[in-house]
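J.: Provided below are the primary sequence and the corresponding predicted coordinates.
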Amino acid sequence: MHHRIVRLILFLPCLIISLQASKPGSPLKFHQKLMGTDVTLVIDADECEELQTAVGKTFAEGHRLNNILSDWEADSELSILSRSSKYGEYQRVSNELFEVLSFSRKLSKQTDGAFDITIGPLSRLWRIARHQKKLPSQYKIDQCLSRTGYEKLELLESNQSARLTQKNMVLDLGAVAKGYIADQMLAVLQDAGFSRSLIDAGGDLTIGDAPRFKKGWSVKIGGLANSNSKTIELSNCAVATSGDLEQFLEINGNVYSHIINPLTGYGLEGRAQVSIVAENGMLADALASACLVLDINSSESFLSGWSFYQLHHLQVNPKTNDILYHTSSAP
C-alpha cells in the first residue's frame, strides 16, 4: 500500500462528527437528500449565479453516480451486475464502477477480508434479523457466507469487465460508495472555481481548501462529554465514520452491531465507532469500515507502514460505565 497521511480514531460507544461554522461570514450551505442520507454542500463563497449553477451540477453528479453505485436501486449498474451472478459471465462496466470495484478488491486483499463488498447477502439477512429482533440461524448465516468472499469477484482490466463466480451474489458498496461520490462532487465544485468547499454526507466530510482567513475547516470529533473529544482544522482531505448506536440487535444481553464481520457472518459485538482522516473520501470511508472490523491492535498493525496516524480508543465498561481511554500514534 502507498504511504498516505492517515489518522485513525476509534471510539466506544459513541462518536459524533460535526462541522463548526466559521465566523465571521459563515459559509453558504445547500442541502439535498442523496445516497439515503442528508448531503450538504458547505461553500465559502459569495452568492452569485455561477455558484448556483455549480451547486446544481454538483448535486446532478451525485445523483448520476448514485444510479451507478447504489445497491438500493433495482436498475442501478451495480444491481444489474449482482443479478448477472446467475450466469457467471463477464460484464462490461462503466469507468466509475470499475474504479470502485478495483479499489475495493485491493483493500480486501490487504485486510485479509475484513473489508468485503460481496457482503450483500449477509447485510440483507441482518436487516431482517433487526426487524424481527431475532438472531439469524447458523444455517442461514452459512448459506449467506457461501455466496460471499471478495475472491469470488473477478475483474478483467483489459476490457474493463467484472464477473461474479457464485450464483445469487449481492454486491454492497455501502462502505465505499458514499466517499467516492463525495470525492467526485467536490471535484465538480473545484472545477467550477469553488475550491473552498466541503461535502457533508451524513457526517462524513470530504474537504477542499480552507475557508478564507482560516487554516482549515474546524471539525469536532468526539462522543461523550468527557471523552476528550477534539476539534481539529482540516483541509484537502476527508474524514469518515463507521458504526453507530442506532442499528443493532440485542439478544440475551448480547449486542450485535449492524456492521457485519465478513469473516464470521455475524454482526460485531458491542457498540464501536471508527473515524478515519485520509487523503480522500473513498479511502476514509473504506478504511473506517475495515478498521471497525479489525480490533484495535490489528488496526494499528495494518496502518503501521503508513506515514502518520493517530488512534484514540474510548471504551465504556458495560457493567460499571467506567470510561477507559487509550491513545497512540505512529512514531
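T.: Noted; the coordinates are in hand.
J.: now the element after the host helix or strand of Leu41, going C-ward?
T.: Using DSSP states H and E, Leu41 falls within strand 37-43. Using DSSP H and E, the helix or strand that follows strand 37-43 towards the C-terminus is helix 49-69.
J.: list of residues touching the very next helix or strand once past that next one?
T.: Sequence-wise, the next helix or strand downstream of helix 49-69 (DSSP H and E) is helix 77-83. Outside helix 77-83, the residues within contact range by C-beta atoms under 8 Å, 6 or more residues apart in numbering are 67-71, 73, 91, 93-94, 97, 120, 162, 164, 169-171, 173. C-beta here means a position set from N, CA and C on the backbone, and glycine is covered the same way.
J.: make a PyMOL selection of the buried ones in these.
T.: Restricted to buried positions by 16 or more other C-beta atoms under 10 Å, the PyMOL selection for the contacts of helix 77-83 reads:
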select buried, resi 68+69+70+71+91+93+97+120+162+164+169+170+171+173
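J.: so how far is Thr206 from Leu51?
T.: Noted for Leu51: a distance of 18 Å to Thr206, by C-beta to C-beta, to the nearest Å.
J.: cool, and Leu234?
T.: Leu234 is 10 Å from Thr206, by C-beta to C-beta.
J.: who does the strand holding Leu41 pair up with?
T.: strand 28-34 (antiparallel), strand 197-201 (antiparallel) (DSSP bridges).
J.: what's the average pLDDT for the shortest one?
T.: The one in question is strand 197-201. In this model, strand 197-201 has an average pLDDT of 97.
J.: thinking again about what came up before, which of Leu51 and Thr206 has more neighbours?
T.: Thr206 (29 against 19; other C-beta atoms under 10 Å).
J.: surely that one is within a helix?
T.: No: Thr206 sits outside any helix when classified using DSSP: H, G, I helix; E, B strand; the rest coil, being strand.
J.: that one against Leu186, yeah?
T.: Yes: Thr206 is in contact with Leu186 according to C-beta atoms under 8 Å; the separation is 5.1 Å.
J.: joint contacts of those two?
T.: Contacts common to Thr206 and Leu186, judged by C-beta under 8 Å, 6+ apart, are Leu198, Ile199, Gly281.
J.: got a list of contacts for the strand holding Leu41?
T.: 19, 27-33, 51, 55, 58-59, 62, 178, 182, 185, 189, 194, 196-202, 217.
J.: ok, now with 6 Å
T.: Under the criterion C-beta atoms under 6 Å, 6 or more residues apart in numbering, residues Pro27, Leu28, Lys29, Phe30, His31, Gln32, Phe194, Ser197, Leu198, Asp200, Ala201, Gly202 lie in contact with strand 37-43.
J.: now the angle between helix 49-69 and it, please.
T.: If you take axes from the mean of the first three to the mean of the last three C-alpha atoms, to 10 degrees, strand 37-43 sits at 150 degrees to helix 49-69.
J.: how about strand 37-43: buried residues?
T.: Val39, Thr40, Leu41, Val42, Ile43.
J.: restricting to C-alpha, output stretch 134-148 in CSV.
T.: In CSV, the C-alpha atoms belonging to stretch 134-148 read as follows (Å, rounded to 0.1, in the frame of the first residue of the first chain):
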residue,chain,number,x,y,z
LYS,A,134,-34.3,-12.4,16.3
LEU,A,135,-30.8,-13.8,15.8
PRO,A,136,-30.3,-15.4,12.4
SER,A,137,-29.8,-19.2,12.5
GLN,A,138,-26.3,-20.5,11.9
TYR,A,139,-27.7,-22.4,8.8
LYS,A,140,-28.9,-19.1,7.2
ILE,A,141,-25.6,-17.4,8.1
ASP,A,142,-23.6,-20.3,6.5
GLN,A,143,-25.8,-20.1,3.4
CYS,A,144,-25.0,-16.4,3.0
LEU,A,145,-21.3,-17.0,3.7
SER,A,146,-21.3,-19.4,0.7
ARG,A,147,-22.3,-16.5,-1.5
THR,A,148,-19.8,-14.0,-0.2
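J.: from Ala74, how far out is Val255?
T.: Going from Val255 to Ala74 by C-beta to C-beta gives 32 Å.
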